[in-house]
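Chemist: coords below, sequence missing:
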């Protein structure tokens, strides 16, 4: 099967390195709206030049718009999309479903790829993406081979899979560690990578409990039948890394990958080697690693050699030629390449006085494409005997033919004018909702209109508390079980579901539940909020931004220890094991702050913030329709205390945070 090799391009030099090394497509970012805002990236002129360079070599270009976009930024995003389409961008990689809706509404010709930041990990998640207008999905990086196959067998959408590069501890799109600790949001393109700093989980020997080795599936490519695109992470990496990675993937596709290639790849960049733990379902300690001194030293010896791979243009594109040379008739050269055929007409040949042209001499002359990206593939020559044509005229024909092949079509962008849909401001006091990690936390009396408990709670707990179900954000391989559980709850009379993943949202809504969108959906603007029922807005918004979201029945979290990470590889289990943890896991950072680690019957754990968000003394500032309490580690008596503090508007007598509601993200 033919795969697309998709290379990262954080700069023009990296783009050239990827293309000359054999990439079929590159992905890059503009100066705004992309998840690597600290990369070099491309201004408008550079973007246009990059697209032209790639398209003349048969390489596609995808623009990353893979961050959350606020209402205030949507017009600038509209302008960025319009310009990118005029420059010839082939597709947009998008995280924000509101931004996707805006693009789909205003630019019908635009092609959308769903970013891995959308946390799509199940067949139902892919179905939602298809309904939202995406033609390709970038799968979550934490998936096993069987889980990938399950999705492939459920859809005709193109699937893109990361096969090499850095691996985040958290499921992409579900990490708030950097934003909550330092206002640098991964969902906004400025992750500070605090996970690479020291964290311990009870075992002092493992001081980097959140740092994983880099992913590499290069030795598994023959198992990826049905995947459209093999993606390489690394827009922050140097050109040598891009070249080495593309070369390794290309060799592996052709069955030519060797231990020498693996050594080069590891030398260019690694964190104590590579891991395929998620893909092979072998989680645990072996997946963890950090950048060591020997990793850095190893790179020095190979970088210069790797750079030679892209010093000069590589003849990577076949061109077919048909040359016709008849007496008393202008000669013609017809060439086919890059999916099109062109014909160039030259002068008529003369009668040869001495040595006439031969088919073989013409073949040699026409094969010389010099420092271009073309190499002669099939050459057909139709030549009358006894004729001659100056070498300069033959060379000119060949040069003109290449120029015509490289001509790019004029692009016409069809765009609807940008319009902002206004809604009247909200009035009244927000009603209250709450989610609990256990039904045992729920007090006999409470002020909550709707409460939610975990999906796997006893059915009696749902009935006794008139509770809705909290569906897991980590759905890896669990869709069938979740659907069956929902069906049983529905028969028991449960009517509501709180869903923080597009897949679980689709399942619950299809089964007829009244669905509330949880924080994991990252609802950051009004366009997103209008596509989700009863959404809890992103806690990465400022309070002012959240209050201005114009959609029906929106809410925000006003109390709770926010989950900073959703991770499939438990850092506590990997450090000390489940027995010693006793479901009371704690991570400690280098400053001594402690972060609870919450277990689940589903394939992920959550790492909570060290202190809760607390807005209960400032409820008069909240203008959303409802306010949500997120209870996690609290006992029932502590829950009762929080309710009492809310009812009296009390300031907290414990350590707390206002989160990002005041300071926002960068």
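Modeler: Here it is on my side, so go on. Keep in mind that this is a model prediction, so the values were computed, not measured. Residues are numbered from 1 along each chain as shown.

Chemist: gap between stretch 607-625 and the chain center?
Modeler: Relative to the centre of its chain, stretch 607-625 is centred 29 Å away, using CA atoms, centre = their mean, to the nearest Å.

Chemist: so for that stretch, what's the average pLDDT?
Modeler: Predicted confidence along stretch 607-625 averages 97 (mean pLDDT).

Chemist: Also stretch 270-290?
Modeler: Here the mean pLDDT over stretch 270-290 is 93, rounded to a whole number.

Chemist: Enumerate the positions of it that are buried.
Modeler: Residues 270-272, 274-279, 283, 287-289 are the ones in stretch 270-290 that count as buried (16 or more other CB atoms under 10 Å). Yep, even glycine has a C-beta here, placed from its N, CA and C like the rest.

Chemist: do stretch 593-603 as well
Modeler: By 16+ other CB under 10 Å, the buried positions in stretch 593-603 come out as 595, 596, 597, 598, 599, 600, 602, 603.

Chemist: Give me the contact list for it.
Modeler: Contacts of stretch 593-603 from elsewhere in the structure, counted by CB atoms under 8 Å, 6 or more residues apart in numbering, are 201, 437, 454, 456, 472, 474-478, 561, 563-564, 568, 570-572, 581, 583, 585-589, 605-610, 632-633.

Chemist: Among the buried residues of stretch 270-290, name the ones in helices.
Modeler: Secondary-structure check on the buried residues of stretch 270-290 using DSSP state H: residues within helices are 277, 278, 279.

Chemist: any low-confidence regions in the chain?
Modeler: Across the chain, residues meeting the criterion (pLDDT under 70) sit at 1, 35, 203-205, 422-424.

Chemist: Looking at the ones in helices among the buried residues of stretch 270-290, spot the one nearest residue 489.
Modeler: When these are ranked by distance to residue 489 (CB to CB), residue 278 comes first, at 29.8 Å.

Chemist: ok, now how distant is the closest one from residue 613?
Modeler: When CB to CB, to the nearest Å is applied, the distance between residue 278 and residue 613 equals 31 Å.

Chemist: swap in residue 280?
Modeler: Distance, residue 280 to residue 613, by CB to CB: 38 Å.

Chemist: can you check residue 187 too?
Modeler: For residue 187, the distance to residue 613 equals 17 Å [CB to CB].

Chemist: same thing with residue 479?
Modeler: Taking CB to CB, one finds residue 479 at 31 Å from residue 613.

Chemist: Same check on residue 237?
Modeler: Residue 237 sits at a distance of 35 Å from residue 613 (criterion: CB to CB).

Chemist: out of those two, which sits in the more crowded spot?
Modeler: Remark: of residue 237 and residue 613, residue 613 carries more neighbours, 23 against 20, as counted by other CB atoms under 10 Å.

Chemist: I'd guessed that one sits against residue 559; true?
Modeler: Yes - here residue 613 reaches residue 559: they are 6.3 Å apart, a contact under CB atoms under 8 Å.

Chemist: Mutual contacts of these two, please.
Modeler: The overlap between the contact sets of residue 613 and residue 559 (CB under 8 Å, 6+ apart) consists of residue 630.

Chemist: all helices for the stretch 101-250 of the chain, in order.
Modeler: Using DSSP state H, counting those that start in this stretch, the helices found in the stretch 101-250 of the chain span residues 123-131, 145-152, 177-182, 239-253.

Chemist: Tell me which of the ones you listed sits most buried.
Modeler: Counting by mean count of other CB atoms under 10 Å, helix 239-253 has the highest mean neighbour count of the helices of the stretch 101-250 of the chain, with a mean of 25.

Chemist: What segments of the stretch 451-600 of the chain are helices?
Modeler: In the stretch 451-600 of the chain, helices defined by DSSP H, counting those that start in this stretch lie at 459-465, 479-491, 502-510, 526-529, 543-548, 571-576, 578-581, listed in chain order.

Chemist: now the ones you listed as a markdown table including mean neighbour count and distance to residue 176?
Modeler: Conversion of those to a markdown table gives the following (neighbours: other CB atoms under 10 Å; distance: least, CB to CB, whole Å):
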| stretch | mean neighbour count | distance to residue 176 |
| --- | --- | --- |
| helix 459-465 | 15 | 28 |
| helix 479-491 | 16 | 24 |
| helix 502-510 | 25 | 18 |
| helix 526-529 | 24 | 17 |
| helix 543-548 | 18 | 15 |
| helix 571-576 | 22 | 16 |
| helix 578-581 | 12 | 23 |
